[in-house]
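Visitor: 3D, please:
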Amino acid sequence: MKRFLIAALAATTLSSAITAVTAQAADDIRPRMIRFGYGLNEDSNQGRAAKLLAEEIAKASDGKLKVRTFGSASLGSDDQMQNALMGGAQEMMVGSTATLVGVAEEMAVWDTPFLFESEKQADYVLDGPVGQKVMDALEEKGLVGLAYWENGFRNLTNNVRPVEKMEDFDGIKLRVMPNPVFIDTFKQMGANAVPLPFSELFTALETKAVDGQENPYNTILSSKFYEVQKYLSVTNHVYSPWIVTASKRWWDGLSKTEQDIIMTAAKTARDSEREDTRAEAREALAKIKEQGMEVNKVSPEEIQRMREKAKPAIQTVIDTVGEPLFNEVQAAIEKAPK
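Guide: Numbering: from 1, shown residues only. Down below sits the predicted model:
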């Protein structure tokens, strides 16, 4: 009887402790409205992932943390949203790592031309220690990196001619991200590289302010670039990650419970977004062809010529991020699955 009473008391004590911890966790979650901005439209892979992120955060917080998503660059370009986060005027966003180079130069390592050969390599490196190390460099600048999402391998479109060899870049006014490595890479190829925010790109193509651009298949399809572009050349010249970031000023005011909920949701959405992006990319090329774009695949020999021509731009990356970090990334790539 005594043993039974002791066991019952122990069970009651444990149950009370669990209830207290659960109650404490609930108390650590305050009602909050979180503004989450992104550049593409709601029907894109980016938009679907943002919606999932919002749902996961609401579910895990019993509706206390509400994420309001703003697509189609309605809160501004990536640069503008990054500045808003750093100033504490906006809570969260997802955008290109390339536009963060001016904030944390370590981010330039992901702009290295022909860095990755496959998505598996990219996942291994980005989700590993060196990927986290690069992300951590944002904190002293007022941003917190939560997870890398996938934009995908970038390819060229233009209205002048199919790009089948390096000389075909000559004279093409090519929109690139406002990023020194991207600008230098395409100048080396012979193009007239024109830096523009993504939010201005469709209009620039439509008005012929630029001849072409470079983005993954998914973005070409979801942004309807086939309406204003004739040729698509498959180069896979850069693997382009997105990164989910939070305002550090805002993040530091959250409880540990709230931070964990948001971090977990960002990674859950990451895994789903990568699957979605890759499945969509397989279908996107066929749909782009259906819309009338002429598609050519650049030969491995010409890709190698482009890689050689891009060496000065790669050296710019090394000079920017430092040889030790660049070598760490290369070492991680060597260990990665193909």
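Visitor: Now L221: closest residue in space that isn't a chain neighbour?
Guide: Closest residue to L221 apart from its sequence neighbours, by Cβ to Cβ, 6 or more residues apart in numbering: A284 at 4.4 Å. Every C-beta, even on glycine, is put in place using the N, C-alpha and C of the backbone.
Visitor: Quick one: list the elements packing against the helix or strand in which the one you found is found.
Guide: Element membership for A284 (DSSP states H and E) is helix 256-290. Counting contacts by 3 or more Cβ pairs under 8 Å, 6 or more residues apart in numbering; DSSP states H and E, helix 256-290 packs against helix 45-60, strand 65-70, helix 119-126, strand 143-153, helix 217-222, strand 239-247, strand 294-297.
Visitor: Compute the distance from the centre of that helix to the centre of its chain.
Guide: Helix 256-290 has its C-alpha centroid displaced from the chain centroid by 10 Å (Cα atoms, centre = their mean, to the nearest Å).
Visitor: got the angle between it and strand 65-70?
Guide: Relative orientation of helix 256-290 versus strand 65-70 (axes from the mean of the first three to the mean of the last three Cα atoms, to 10 degrees): 30 degrees.
Visitor: In this structure T277 contacts Y217, no?
Guide: No - T277 is not in contact with Y217 according to Cβ atoms under 8 Å; the separation is 9.5 Å.
Visitor: Now do the shared contacts for the two.
Guide: By Cβ atoms under 8 Å, 6 or more residues apart in numbering, T277 and Y217 have these common neighbours: G152.
Visitor: separation between F186 and P162?
Guide: 17 Å (Cβ to Cβ, to the nearest Å).
Visitor: Show me which of those two is the more surrounded one.
Guide: Per other Cβ atoms under 10 Å, whichever of F186 and P162 has more neighbours is F186, with 25 against 16.
Visitor: which ones are touching that one?
Guide: F186 sits in contact with 169, 174, 176, 193, 214, where contact means Cβ under 8 Å, 6+ apart.
Visitor: any chance of the residues you listed in a markdown table, with secondary structure, neighbour count and distance to V317 too?
Guide: A markdown table is the format used below for the contacts of F186 (DSSP: H, G, I helix; E, B strand; the rest coil; neighbours: other Cβ atoms under 10 Å; distance: Cβ to Cβ, whole Å):
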| residue | secondary structure | neighbour count | distance to V317 |
| --- | --- | --- | --- |
| F169 | helix | 25 | 20 |
| L174 | strand | 26 | 19 |
| V176 | strand | 23 | 15 |
| A193 | strand | 21 | 16 |
| E214 | strand | 24 | 17 |
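Visitor: Of those, which is the nearest to E105?
Guide: Nearest to E105 among the contacts of F186 is V176, at 18.0 Å by Cβ to Cβ.
Visitor: How about S272: what's its closest non-neighbour residue?
Guide: Using Cβ to Cβ, 6+ apart and skipping the chain neighbours, the partner closest in space to S272 is L52 (5.6 Å).
Visitor: my guess is the one you found meets K267, correct?
Guide: No - taking Cβ under 8 Å as the definition, L52 is not a contact partner of K267, at 11.4 Å.
Visitor: So for stretch 226-239, what gets flagged as buried?
Guide: 226, 228-229, 231-239 (16 or more other Cβ atoms under 10 Å).
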